[in-house]
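# Sequence below, structure please.
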Amino acid sequence: MGQVLGDVLGFAAAVAISPLPIIAMILVLATPRGRLNGLLFAAGWVLGLSALGGVVLAIVGPDGSSADSQPATWVGGLKIVLGVLLVLFGARQWRRRPADASEAQLPKWMATIDRLTPLKVFGLAVALVALNAKNAPLTIAAGASIASAGLPVGQQIASLAIFVLIGSLGLLAPLGVFLVGGERAKTTLGGWKDWAAQHNVAVMAVLFFVLGLKLIGDGIGILTS
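Numbers count the residues shown, from 1 in each chain. This next block holds a predicted model:
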């Protein structure tokens, strides 16, 4: 289990520091029902990570590992595919980064967050996991690593729970600041939002490029072992 956690912690950290969901959480906290919407957004995020990771565990199942508890050959192929996608996505992000970070623009859908109902806020968080081209491949890769390690079901669930916890820290941090800091939290969260907005593209480009290469290396290792 320790080796599996070593594999998935990098993916969890990348999910946790993904700037767009953090910015979305800060904008959600700025809505009139910030406390309720923030809690619902965090709950939707946790549910999305848990559900997508659980689906991967269920699909991979016992066929994800060989008789000697090593990853099955097809898992290596899956990791190579995911790795190539991440590298390509990272390269695309890097090319699209603004020359001046202060000119970075947020996605247009973020301007509608203050008009979302609590239910839609919850759904937005789920979508940022399951339908996001950045976070979904990382969660799938983490689930595949857990499922292919030949662990007992209980240890698989525990590993996924740790992944979800680490992957949620990026959202829980601004939520915690908001709940504890009161009015003073607005200045702090505003500074976080501005930094994340300016450096979103560059941060994610580097992360995806590095993690994509790691996945490709892992996949090649499985195929050649």
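# what pLDDT, on average, does the host helix or strand of residue 79 get?
Residue 79 is part of helix 73-96, with elements assigned from DSSP states H and E. For helix 73-96, mean pLDDT rounds to 84.
# tell me which residues in it are buried?
75-76, 78-80, 82-83, 85-87, 89-90, 93 (16 or more other CB atoms under 10 Å). Bear in mind the C-beta positions are built from the backbone N, C-alpha and C, glycine included.
# Need those in CSV (columns: distance to residue 32).
Output for the buried residues of helix 73-96, formatted as CSV (distance: CB to CB, whole Å):
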residue, distance to residue 32
75, 47
76, 50
78, 44
79, 44
80, 47
82, 40
83, 43
85, 39
86, 38
87, 42
89, 35
90, 37
93, 34
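# Helix or strand next in line after the helix holding residue 79, which one?
Heading C-terminal from helix 73-96, the first helix or strand you meet, by DSSP H and E, is helix 118-130.
# Kindly format the C-alpha coordinates of the helix or strand following that next one as CSV.
Counting by DSSP H and E, the next helix or strand C-terminal to helix 118-130 is helix 135-147. Extracted in CSV, the C-alpha atoms of helix 135-147 (Å, rounded to 0.1, in the frame of the first residue of the first chain):
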residue,chain,number,x,y,z
ASN,A,135,-8.6,16.7,-13.4
ALA,A,136,-10.3,13.7,-14.9
PRO,A,137,-7.1,12.1,-16.4
LEU,A,138,-5.3,12.5,-13.1
THR,A,139,-8.1,10.9,-11.1
ILE,A,140,-8.3,8.1,-13.7
ALA,A,141,-4.6,7.5,-13.5
ALA,A,142,-4.7,7.4,-9.7
GLY,A,143,-7.6,4.9,-9.7
ALA,A,144,-5.8,2.7,-12.2
SER,A,145,-2.6,2.7,-10.1
ILE,A,146,-4.6,1.7,-7.0
ALA,A,147,-6.6,-0.9,-8.8
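# remind me which residues of this protein are low pLDDT?
Counting by pLDDT under 70, the ranges of the chain that qualify are 1, 62-70, 98-106, 182-183, 199-200.
# In it, where's the longest helix?
Determined from DSSP state H, the single longest helix within the chain is helix 184-224.
# how far does that helix sit from the chain's center?
Counting by CA atoms, centre = their mean, to the nearest Å, helix 184-224 is centred 9 Å from the centre of its parent chain.
# what's the burial count for the nearest residue to residue 47 once chain neighbours are set aside?
Leaving aside its chain neighbours, residue 47 sits nearest to residue 126 (6.1 Å; criterion: CB to CB, 6 or more residues apart in numbering). Around residue 126 there are 19 other residues, counting by other CB atoms under 10 Å.
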